[in-house]
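>>> What follows is a predicted structure for the sequence shown.
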Amino acid sequence: MKAGGKYVFGISVFLVLVVGILTAAIDLLKQVDAAIMAVLVLLGIVVGLLNVTRHESREFLVAAIVLILATFASRGTTFVSVPFVGIYFASILDTFVAFLVPAVVTVAIKTIFDLARD
């Protein structure tokens, strides 16, 4: 894992937590939400390019796909029904998926090109 990628990943996770909590707590953030989500998408691409090496790609893709599937499988039911914290947890997961999907697509494309080269 490259040093620059670690910092980008750390900043992205921090933004995911903050935006996830604020999105659930403050309805006014919806206007700013689109711009922040665009930044998270770009950060996801950067993390996919810099942070995941060829040797880490399989584990990264499997873990990320499981998380994405679990988030979508529980959409609107499981977490939201938990009193007090459920809506925040669901919002954090949705925000994390906005960051994670571009990273997954980037790593998958890199992996396909690596496999084609071999």
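Arrived safely, thanks for sending. Just so it is clear, the model here is predicted, and its values are computed rather than measured. Numbers count the residues shown, from 1 in each chain.
>>> Now do the buried residues in the helix or strand of the chain with the lowest mean pLDDT.
Least confident helix or strand of the chain, by mean pLDDT, DSSP states H and E, is helix 3-25 with a mean of 79. Neighbour counts over helix 3-25 (16 or more other CB atoms under 10 Å) mark 5, 8-9, 12, 15-16, 19-24 as buried. For the C-beta atoms, the positions are set from N, CA and C on the backbone; glycine is no exception.
>>> So which bits of the lengthiest helix in the chain are buried?
Ordering each helix of the chain by length in residues (DSSP state H) puts helix 86-117 first. Within helix 86-117, the residues scored as buried using 16+ other CB under 10 Å are 87-104, 106-108, 110-111.
>>> what residues does stretch 5-22 touch?
Stretch 5-22 is touched from outside by 29, 33, 36-37, 39-40, 43-44, 46-47, 50-52, 88, 91-96, 99, with contacts defined as CB atoms under 8 Å, 6 or more residues apart in numbering.
>>> Name the residues that touch stretch 43-57?
1-2, 4-6, 8-9, 11-12, 15, 60, 98-107, 110-111, 114.
>>> Swap in 10 Å and give it another go.
1-9, 11-13, 15-16, 58-61, 64, 96-111, 114 (CB atoms under 10 Å, 6 or more residues apart in numbering).
>>> I'd like the distance from the least confident helix or strand of the chain to the chain centre, please.
9 Å (CA atoms, centre = their mean, to the nearest Å).
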